[in-house]
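Asker: coords please:
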Amino acid sequence: MSNDVSRRAFLKRASALSLAGSATPFVMNLAAIGEAAAATASDYKALVCVFLYGGNDYANTLAPYDNSRYAVYAAQRTGLNYTQAQLAATVLNPSVALPGGAQYALAPELAKLLPIFNAGKMAVMLNLGTLVQPTTKAQYQAKSVLLPPKLLSHNDQQSYWQASSPEGAASGWGGRIGDLLQSGNGTSTLTCINAAGNAVFLTGKAAVQYAVTPSGPIALNARNSLQGSTQAASVLTSLINGSLTGNHQFESALGTVGGRALNLYTQVSTALAGAQATTTPFPAAADTQSSLGAQLQLVAKMISVSQQLGAKRQVFFVSTSRFDTHDGLDTLHPVLLTNLADALRAFYDTTVELGVANQVTTFTGSDFGRALTSNNDGTDHGWGSMHFVLGGAVKGGRYYGVNPTLANNGPDDIGQGRLIPTMSVDQYGATLASWFGVAASDLPTVLPNINNFAGSTLGTNVGFV
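Answerer: Okay, the predicted model is just below:
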């Protein structure tokens with residue numbers, strides 16, 4: 001490799017490094033060097049990924065309700081199951097009935113989402129998970145198909161869900177969507193916005209995620225004060241700005257990124273200060289179980305000022321954790337679902353209030369589902385799971401996917417009710433990306449396994465949006 005190529009690679013990677021310690025967001029989130037794009041847009045659309053870290057328990061999120069399936073569910077997790085009486089108020093009545101009289105109910109804690117489903121603005125994904133290609137139980141047992149690496153592993157399945165690659169992936173499918181559409185935005189750095197820290201989902205090959213907090217954009221520590229000294233802050237700011245005229249390539253690149261950071265902080269802060277006031281209340285994380293409501297409230301504000309920021313396409317990431325319920329399923333999980341329902345309902349209602357509900361699609365994700373069988377007062381890691389998609393453009397009020405047989409070592413699980421997914425994350429992501437404006441020819445760039453599902457039952461576009 002030549003010195004020039006090596007130096008360019010070094011500069012590109014160095015631009016994603018921190019100047020020092022707690023100043024990491026200064027460059028980590030603002031070093032958008034490349035502006036590769038293959039699409040433009042005249043309207044506004046946003047995708048909002050709500051990731052549930054830890055592996056959400058599918059059976060206590062979307063519980064079987066019809067008598068035969070409920071009996072299996074209750075028998076496999078005695079003492080941890082909802083009663084049919086508890087589920088009666090949240091039974092889903094879809095526009096398209098499931099075969100065999102199958103019925104589901106939302107967990108009682110998700111009752112706030114029922115009106116959105118009934119209004120046709122929320123869809124339920126059945127048995128969704130990470131896959132490389134369509135996989136049957138026979139193929140799984142015979143090891144005759146490629147499988148996602150390290151199934152049931154938190155880190156690897158989080159990464160494979162978000163990036164189609166195991167832990168250590170360089171980019172995620174949200175970021176790769178951003179790669180294709182960021183040039184249509186007035187400021188390309190505001191394409192991929194993370195309100196929950198760092199996640200591979202929003203890292204593109206050119207697009208770089210911009211981190212915000214529920215309070216707004218993250219300032220360079222030196223903006224107004226550095227270690228309590230305004231004079232030190234002024235000196236560092238001068239050094240950053242002065243490096244723009246430096247003779248060294250690294251110095252110049254660092255100055256460019258630094259200057260962008262300072263300017264963008266002001267741009268975003270000013271826009272948010274003038275954001276349209278809304279009346280929809282968001283939940284407060286009083287018990288510190290989740291800041292999801294606060295994250296989504298900030299996302300709603302960012303969407304409300306998208307025109308001022310010149311944004312046409314934005315991908316957001318928010319998250320909440322503690323879904324690894326090996327124990328406390330009957331006590332912790334209801335709290336987590338309450339937080340989730342409160343946050344999603346407030347966010348959806350706010351998009352309606354802002355008049356952008358048709359332009360914002362929100363979807364859930366998680367490491368994996370969990371086992372149907374209980375393990376004391378919890379459940380072990382699983383594979384396939386149930387997920388929700390909300391928004392004005394969603395063809396909701398119904399289920400999408402193939403309804404699995406609930407059993408312990410039945411035809412659709414690998415044991416203990418760990419479901420073999422029948423809808424891949426690639427199909428899920430491709431459907432969302434297509435709505436967002438990604439051309440069919442570009443889908444393999446975003447989701448590298450998508451062509452493996454072209455001949456499957458669900459195809460490459462599931463059709464829920």
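Asker: now the helices for this protein?
Answerer: With helices called from DSSP state H, the chain shows them at 3-14, 24-28, 67-76, 84-87, 114-118, 137-142, 154-163, 173-181, 230-242, 249-273, 292-304, 332-354, 425-436, 443-446.
Asker: List the residue ranges of the stretch 1-150 of the chain that fall below the pLDDT cut-off.
Answerer: 1-41 (pLDDT under 70).
Asker: can you do 90?
Answerer: Residue ranges of the stretch 1-150 of the chain with pLDDT under 90: 1-42.
Asker: tell me the pLDDT at the closest residue to Gly55 other than its chain neighbours?
Answerer: Excluding the flanking residues, the one nearest Gly55 by C-beta to C-beta, 6 or more residues apart in numbering is Asp367, at 4.3 Å. All C-beta spots, glycine's among them, are computed from the backbone N, C-alpha and C. Note for Asp367: predicted pLDDT of 98.
Asker: Not counting sequence-adjacent ones, nearest residue to Gly300?
Answerer: Quick fix: residue 300 is Ala, not Gly. In this structure, Ala300 finds its nearest non-sequential neighbour in Thr350, 4.5 Å apart by C-beta to C-beta, 6+ apart.
Asker: Of the helices of the chain, which is nearest Leu128?
Answerer: Set against Leu128 and scored by C-beta to C-beta, these come closest in helix 425-436, at 5.8 Å.
Asker: distance between stretch 444-453 and the chain's centre?
Answerer: Chain-centre distance of stretch 444-453: 18 Å, with C-alpha atoms, centre = their mean, to the nearest Å.
Asker: first to last residue in it, what's the distance?
Answerer: With C-alpha to C-alpha, to the nearest Å as the measure, stretch 444-453 spans 11 Å from end to end.
Asker: I'd like the distance between Gln276 and Leu146.
Answerer: Between Gln276 and Leu146 the distance is 48 Å, computed by C-beta to C-beta, to the nearest Å.
Asker: Oh, that last question was meant for Ser321, not what I typed.
Answerer: Using C-beta to C-beta, Ser321 is found at 30 Å from Leu146.
Asker: Leaving out chain neighbours, which residue sits closest to the most centrally placed residue in the chain?
Answerer: By C-alpha atoms, centre = their mean, the chain has its centre lying nearest to Cys49, at 2.6 Å. Of all residues not flanking Cys49 in the chain, Phe317 sits nearest, at 5.0 Å (C-beta to C-beta, 6+ apart).
Asker: partners of the one you found in the sheet?
Answerer: With DSSP bridges as the criterion, Phe317 is bridged to Cys49, Asn194.
Asker: Tell me how many other residues crowd it.
Answerer: 29 (other C-beta atoms under 10 Å).
Asker: That one touches Tyr210, doesn't it?
Answerer: No: in this structure, Phe317 is not within contact of Tyr210 by C-beta atoms under 8 Å, at 10.6 Å.
Asker: shared neighbours of those two, which are they?
Answerer: Common contact partners of Phe317 and Tyr210 (C-beta atoms under 8 Å, 6 or more residues apart in numbering): Cys192, Ile193, Asn194.
Asker: what's the closest of those to Leu152?
Answerer: The closest of the shared contacts of Phe317 and Tyr210, once distances to Leu152 are taken by C-beta to C-beta, is Asn194, at 26.2 Å.
Asker: check contacts around that closest one.
Answerer: Asn29, Leu202, Gln209, Tyr210, Ala211, Val212, Phe316, Phe317.
Asker: again with Ala407
Answerer: Here Ala407 is in contact with Val72, Leu372, Asp413, Gly417 (C-beta under 8 Å, 6+ apart).
Asker: how close does the second one get to Gly174?
Answerer: For Leu372, the distance to Gly174 under the criterion C-beta to C-beta works out to 30 Å.
Asker: Over to the first one?
Answerer: Val72 is 36 Å from Gly174, where distance means C-beta to C-beta.
Asker: More neighbours: the two, which one.
Answerer: Higher neighbour count among Val72 and Gly174: Gly174, with 30 against 17, using other C-beta under 10 Å.
Asker: that older thread, farthest-separated two in the contacts of Asn194?
Answerer: Top of the distance list for those (C-beta to C-beta): Asn29 and Phe316, 13.4 Å.
Asker: Specify which residue of those two has the higher count of neighbours.
Answerer: Per other C-beta under 10 Å, whichever of Asn29 and Phe316 has more neighbours is Phe316, with 27 against 24.
Asker: just checking, that one touches Leu47?
Answerer: Yes: counting by C-beta under 8 Å, Phe316 does reach Leu47; the two are 7.0 Å apart.
Asker: where does Trp161 land on pLDDT?
Answerer: Model confidence at Trp161, expressed as pLDDT, equals 98.
Asker: Check Asp324 too.
Answerer: pLDDT, read off for Asp324, is 98.
Asker: which ones are touching it?
Answerer: By C-beta under 8 Å, 6+ apart, Asp324 lies in contact with Tyr53, Gly54, Gly55, His154.
Asker: okay, the shared contacts of Phe317 and Tyr210 in CSV with pLDDT and distance to Phe388 next?
Answerer: Formatted as CSV, those follow (pLDDT from 0 to 100; distance: C-beta to C-beta, whole Å):
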residue, pLDDT, distance to Phe388
Cys192, 97, 22
Ile193, 97, 21
Asn194, 97, 21
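Asker: from the residues you listed, which is closest to Tyr265?
Answerer: Checking the shared contacts of Phe317 and Tyr210 one by one against Tyr265 (C-beta to C-beta), the nearest turns out to be Ile193, at 13.7 Å.
Asker: residues touching that closest one, list them.
Answerer: Residues near Ile193 by C-beta under 8 Å, 6+ apart: Leu202, Gln209, Tyr210, Ala211, Val212, Val299, Met302, Gln314, Val315, Phe316, Phe317.
Asker: Mark which of the residues you listed are buried, thanks.
Answerer: Leu202, Gln209, Tyr210, Ala211, Val212, Val299, Met302, Gln314, Val315, Phe316, Phe317 (16 or more other C-beta atoms under 10 Å).
Asker: which residues touch Ala341?
Answerer: Glu109, Leu110, Ala111, Lys112, Leu113 are the contacts of Ala341 under C-beta under 8 Å, 6+ apart.
Asker: Revised request: answer the last question for Thr78.
Answerer: Ser374.
Asker: Repeat that for Leu128.
Answerer: Gly384, Ser385, Met386, His387, Gly401, Pro421, Met423, Ser424, Val425, Tyr428.
Asker: I'd like to know how many residues surround the last one.
Answerer: Other residues lying near Tyr428 total 26 when counted by other C-beta under 10 Å.
Asker: Not counting its neighbours along the chain, what's nearest it?
Answerer: Per C-beta to C-beta, 6+ apart, closest to Tyr428 is Leu128, 5.8 Å.
Asker: again with the first one
Answerer: When the adjacent residues along the chain are set aside, Gly384 lies closest to Leu419, with 3.3 Å between them (C-beta to C-beta, 6+ apart).
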